[in-house]
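[1] from the sequence below, what's the structure:
(one chain, ligands or ions: 2)
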Amino acid sequence: MLPSLYIIIPCYNEQEVLPVTAPMFRQKLLDLIAAGKISDESRILFVNDGSKDRTWELITQMARAEEHIIGISQSRNRGHQNAVLAGLMEAKDRCDITISIDCDGQDDIDAMDKMVDAYLQGNEVVYGVRSSRETDTFFKRTTAQGFYKFLSAMGAEVVYNHADYRLISSRVLQEFADFHEVNLFLRGMIPLVGFQSTTVEYARHERLAGESHYPLKKMIALAMDGITSLSVKPLRLITSFGVLVALISFIGCVWALIDALVGRTVAGWASMTCIICFVSGVQLISLGIIGEYIGKIYMETKRRPRYIISERTWEEQETDRRMPDQI
Ligand code: UDP
Ligand code: MG
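    Ligands and ions are numbered 1, 2, ... in the order given. Okay, the predicted model is just below:
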């Protein structure tokens, strides 16, 4: 039997790009069905992440016009990671495989063929990896590369140059549903589930329309989330650093003591001030990092829902169908 595929596409204020990319995604799905790789039960699942523009209106219109397109809407904007999770959890009991992809056309949709092939060869997870970043601006390219290097230096293992374009089988998703954390960093969490996986390379294009929602500020926030939710290495670094500072201080104390004993005491104002400033700086940074983890623990203990779906296109169609009976 052919596997059914759900393509999960998070959308936040994407009214400019949706009319351009949605027909491309649809064509890709129909091509895959026609090629006999996936079943006709396959769907494109748009996840509206609380957009303030006409995005949801466009999704419902498309869902009405084309049976292969469906959509869900989050009750408010929760961020990219939560939107993808909402789509994955919604899809996990309805299909055999999911592919998550951004809606801006930056990721090459032709890589989906290779992903499905890799699944048919027995892989449960297939990571899309960017082969080049030539179309990204110099700034985006260097910050993004710094992002991956920094993550791995801090002990958060991620697949290099892999964003959130990946195939996941429903079997893996069933297991992933037991990961209850609210601090989401999907690209670091999925490898933790295990199962056979592989990578597929693709070229990254420019955004087809609209603007990026990932400015530097959000990228830094994502990196912080990734590190602090996957690794305790920063806490260990603080300890090592503390030991180093203590050692240097000890040497300094011995030196000062000898100086005092041989009567060579100097007016030590400058050295004193430097030491106090340095040590209090180190303490503040350390407290900040520890605070970051305590904040995470605080959020986790609340166990709030990670996404809330307010509408579904197929429910709307069901109510439409029920209407005539009720009259
Ligand atoms: N996105 C989302 N919620 C947000 C921000 C972004 O669902 O709060 C979606 C967005 O619509 C797009 C994807 O996440 O499909 C990636 O965002 P974007 O293209 O702006 O990021 P970039 O590719 O520049 O890193
Ligand atoms: Mg993008």
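[2] helices of the stretch 101-250 of the chain, start to end?
    In the stretch 101-250 of the chain, the helices defined using DSSP state H, counting those that start in this stretch lie at 111-120, 138-153, 170-176, 186-193, 216-230, 233-261.
[3] next to ligand 2, which bits of the chain? Give me the list.
    Asp102, Asp104, Gln106 (Cβ under 5 Å from the ion). Placement of C-beta: from N, CA and C, glycine included.
[4] ok, the residues you listed vs Arg141, which is closest?
    Arg141 has its nearest neighbour among the residues of the chain next to ligand 2 in Gln106, at 13.0 Å by Cβ to Cβ.
[5] for the closest residue to Arg166 other than its chain neighbours, name its beta-bridge partners.
    Using Cβ to Cβ, 6 or more residues apart in numbering and skipping the chain neighbours, the partner closest in space to Arg166 is Tyr127 (5.0 Å). On the basis of DSSP bridges, Tyr127 is bridged to Arg166, Thr199.
[6] what's around Tyr127, how many residues?
    26 (other Cβ atoms under 10 Å).
[7] likewise Thr239?
    10.
[8] kindly report the same for the one 10 residues further on.
    Other residues near Ser249 number 13, with proximity taken as other Cβ under 10 Å.
[9] same question, the one 3 residues further on
    For Gly252, the tally of surrounding residues (other Cβ under 10 Å) stands at 12.
[10] and it, how far is that from Val47?
    Distance, Gly252 to Val47, using Cβ to Cβ, to the nearest Å: 57 Å.
[11] need the strands for this structure, in chain order.
    5-11, 43-48, 69-74, 97-100, 125-130, 162-169, 197-202, 309-312 (DSSP state E).
[12] need these in CSV (columns: mean pLDDT).
    Putting the strands of the chain into CSV (pLDDT from 0 to 100) gives the following:
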stretch, mean pLDDT
strand 5-11, 96
strand 43-48, 96
strand 69-74, 95
strand 97-100, 96
strand 125-130, 93
strand 162-169, 92
strand 197-202, 92
strand 309-312, 85
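[13] any chance of the ones you listed in a markdown table, plus distance to Ala35?
    Converted to a markdown table, the strands of the chain look like this (distance: least, Cβ to Cβ, whole Å):
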| stretch | distance to Ala35 |
| --- | --- |
| strand 5-11 | 12 |
| strand 43-48 | 16 |
| strand 69-74 | 19 |
| strand 97-100 | 15 |
| strand 125-130 | 17 |
| strand 162-169 | 16 |
| strand 197-202 | 17 |
| strand 309-312 | 29 |
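[14] ok, the residue nearest to Arg166 - contacts?
    Tyr127 sits next to Val159, His162, Arg166, Ser197, Thr198, Thr199, Val200 when contact means Cβ atoms under 8 Å, 6 or more residues apart in numbering.
[15] repeat that with 6 Å
    Applying Cβ atoms under 6 Å, 6 or more residues apart in numbering to Tyr127 gives the contacts Val159, His162, Arg166, Thr199.
[16] hmm, back to that, just the residues of the chain next to ligand 2 that are near ligand 1?
    By Cβ under 6 Å from any ligand atom, the members of the residues of the chain next to ligand 2 lying near ligand 1 are Asp102, Asp104, Gln106.
[17] just the pLDDT for the last one.
    Going back to what we said before, that points to Gln106. You'll see Gln106 listed with a pLDDT of 87.
[18] if I look at it, how far off is His205?
    On the measure of Cβ to Cβ, Gln106 and His205 end up 5 Å apart.
[19] which of those two has more neighbours?
    Neighbours were counted for Gln106 and for His205 using other Cβ under 10 Å; Gln106 has more, 21 against 15.
[20] ok, longest helix in the protein?
    Longest helix of the chain, by residue count under DSSP state H: helix 269-302.
[21] what comes up buried for stretch 2-19?
    3-18 (16 or more other Cβ atoms under 10 Å).
[22] could you find the closest non-adjacent residue to Cys11?
    Nearest in space to Cys11, with sequence neighbours left out and distances taken as Cβ to Cβ, 6+ apart, is Cys103 at 4.8 Å.
[23] what about the one you found, neighbour count?
    22.
[24] from memory it sits against Asn13, does it?
    No: between Cys103 and Asn13 no contact is recorded; they are 10.6 Å apart, counting by Cβ atoms under 6 Å.
[25] okay, and the common contacts of the two?
    If you check Cys103 and Asn13 against Cβ under 6 Å, 6+ apart, no residue is contacted by both.
[26] how near is Glu157 to Lys233?
    Distance from Glu157 to Lys233, by Cβ to Cβ: 11 Å.
[27] again, but for Thr198
    Distance from Thr198 to Lys233, by Cβ to Cβ: 27 Å.
[28] and which of the ones next to ligand 1 among the residues of the chain next to ligand 2 is nearest to Leu186?
    For those, the nearest to Leu186 is Asp102 (12.7 Å; Cβ to Cβ).
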